[in-house]
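Asks: how would this look folded up:
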Amino acid sequence: MGKKGFLIATSAGFAAAAAAVVPGAQAADMPIKAPRYIEPAASWAGWYIGAHAGVAWQQTQSSTDQYGSFYNNNTATKSGFIGGGQIGYNWQHGNFVFGLEGDISGLSTKTTGHGDYSVYTSRINWLSTVRGRFGLAVGDTMAYMTAGVAFGGVKNTLNIDGTNYSDSKTKTGWTVGGGVEHMLSRNWTIGLEGLFVDLGKSHVGASNGKTGHFQNQAVIGRLKLNYKF
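Replies: Below you'll find the model as predicted:
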């Protein structure tokens, strides 16, 4: 190869090398975009505390017996306000949520039933439940079932011929229900819950060997607002 050809070849090689280096240098000078922030999946785990309000339909089944003979069997229902507060804790595994919740509520109404020469009145003054919860969370919404033990302050009165015979005590029973809860933000949730409560049977003694029998139950629908820590 002649001297002139060597110079041409060398110049071409330098030009190719420069063309390869320049794009790399330009790419290095370009700003790098920050990775897009992806919000972590909703977590239901942890402590929460809140308040609730709604409607309670109280139902009382009552009757009187005298020396083993039952009569005046009747069922009385009445709806009224229920309100109170709750506290609980959730554990979460994937989409499954397990929890424990305790609550206490005040109720505003009483039931009244009538029989022959007798009147039956009954009221659940306060109600508390301790329940387990099992839920399925999809995104920010969870549907759940719940069941547990119930405690209530119950007053039952049997009026016979104008004379009142009453009994007030704390009763223990059971409750079952379910609900739907939605996460408004990382700390606030709102939900709807329905419960059936059975506080068992109570007995009120009267004169002439007569005894009034009561079974106190309630169906509850309530709106709940929780703050999650």
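Asks: list the neighbouring strands of the biggest strand by length in the chain plus their orientation.
Replies: Using DSSP state E to define each element, the chain has its longest strand at strand 69-93. Paired neighbours of strand 69-93 in the sheet (DSSP bridges): strand 46-66 (antiparallel), strand 96-107 (antiparallel).
Asks: now render the ones you listed as CSV, adding mean pLDDT, distance to A143 and mean neighbour count.
Replies: From N, CA and C alone the C-beta is placed, and that goes for glycine too. What follows is these, written out as CSV (pLDDT from 0 to 100; distance: least, Cβ to Cβ, whole Å; neighbours: other Cβ atoms under 10 Å):
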stretch, mean pLDDT, distance to A143, mean neighbour count
strand 46-66, 95, 17, 18
strand 96-107, 98, 10, 18
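Asks: A76: which of those is closest?
Replies: Among the strands paired with strand 69-93, the nearest to A76 by Cβ to Cβ is strand 46-66 (5.1 Å).
Asks: how far away is the nearest residue to T170 once chain neighbours are set aside from W188?
Replies: Nearest residue to T170 in three dimensions, chain neighbours excluded: G153, at 5.6 Å (Cβ to Cβ, 6 or more residues apart in numbering). According to Cβ to Cβ, to the nearest Å, G153 and W188 sit 31 Å apart.
Asks: same check, this time on N73
Replies: Distance from N73 to W188, by Cβ to Cβ: 48 Å.
Asks: quick one: the helices in this protein, in order.
Replies: Ranges of helices in the chain, per DSSP state H, are 3-29.
Asks: tell me the domain ranges of it?
Replies: 1-32, 46-228 (automatic domain parsing).
Asks: got the strands paired with strand 69-93 as a markdown table, with distance to G135 columns?
Replies: Formatted as a markdown table, the strands paired with strand 69-93 follow (distance: least, Cβ to Cβ, whole Å):
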| stretch | distance to G135 |
| --- | --- |
| strand 46-66 | 13 |
| strand 96-107 | 4 |
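Asks: of these, which is nearest S122?
Replies: S122 lies closest to strand 46-66 among the strands paired with strand 69-93, at 4.1 Å (Cβ to Cβ).
Asks: is it correct that Y117 is in contact with I160?
Replies: Yes. Counting by Cβ atoms under 8 Å, I160 is a contact partner of Y117 at 6.4 Å.
Asks: these two - which one has more neighbours?
Replies: I160 (18 against 11; other Cβ atoms under 10 Å).
Asks: I'd say the more buried one and V204 touch.
Replies: No. With contact defined as Cβ under 8 Å, I160 and V204 do not form a contacting pair (10.1 Å).
Asks: residues near H213, how many?
Replies: Based on other Cβ under 10 Å, the number of other residues close to H213 is 19.
Asks: to clarify, my last question referred to F229.
Replies: Residues near F229, counting by other Cβ under 10 Å: 8.
Asks: return the residues in contact with it.
Replies: Contacts for F229 (Cβ atoms under 8 Å, 6 or more residues apart in numbering) come out as G46, W47, Y48, I49, N187.
Asks: switch the cut-off to 7 Å
Replies: Neighbouring residues of F229 by Cβ atoms under 7 Å, 6 or more residues apart in numbering: G46, W47, Y48.
Asks: one more: T121?
Replies: By Cβ under 7 Å, 6+ apart, T121 lies in contact with K110, T111, T112, T157.
Asks: pLDDT wise, what is R36 at?
Replies: Reading off the confidence values, R36 has pLDDT 66.
Asks: what is F96 paired to in the beta sheet?
Replies: H93, L136.
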